[in-house]
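[1] Task: produce atomic coordinates for the following.
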Amino acid sequence: MSYFKHHVFFCCNQRQPGEACCNDHQATAMQTHAKDRIAALGLKGRGNVRINKAGCLGRCDDGPVLVVYPDNVWYTYVDQEDIDEIIDSHLVHGRIVERLRLPDSPA
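    All right, here's what the predicted structure looks like:
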């Protein structure tokens, strides 16, 4: 069994101006929102959920992105409502949010 049921990584990479990067889409603010919401739901910590910032996850052109492990599900999002939907559906109820899911491999 994993230490965490779900480990969520938000790409919070900041590139040079003109280069695609997740942090240009409020990634750091969305990561903070997710971390606070998980804590408020009592889902933080061992056996539950861990929310982390990451450097470049290699998918900035699809961004902003986050990935949920061990499920290996990649998401994009637009706003806090999307983050809340990922938390409520995937992290709480185990249902992948297909409308926000990114493909596993390039098209």
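[2] Show me which residues of stretch 70-81 are buried.
    By neighbour count on 16 or more other C-beta atoms under 10 Å, the buried set for stretch 70-81 is 73, 74, 75, 76, 77. Where you see a C-beta, it was placed from the backbone N, CA and C, and this is true even at glycine.
[3] before we move on, what about stretch 17-28?
    Buried, per 16+ other C-beta under 10 Å, within stretch 17-28: 21, 22, 23, 25, 26, 27.
[4] for the third one, what are its contacts?
    If I follow you right, that is residue 23. Residues near residue 23 by C-beta atoms under 8 Å, 6 or more residues apart in numbering: 11, 12, 13, 14, 64.
[5] Doesn't it belong to a helix?
    Yes - if the criterion is DSSP: H, G, I helix; E, B strand; the rest coil, then residue 23 is within a helix.
[6] What is the helix or strand hosting residue 85 packed up against?
    Element membership for residue 85 (DSSP states H and E) is helix 80-85. On a contact count with 3 or more C-beta pairs under 8 Å, 6 or more residues apart in numbering; DSSP states H and E, helix 80-85 meets helix 27-40.
[7] Please consider this matter closed, and thank you.
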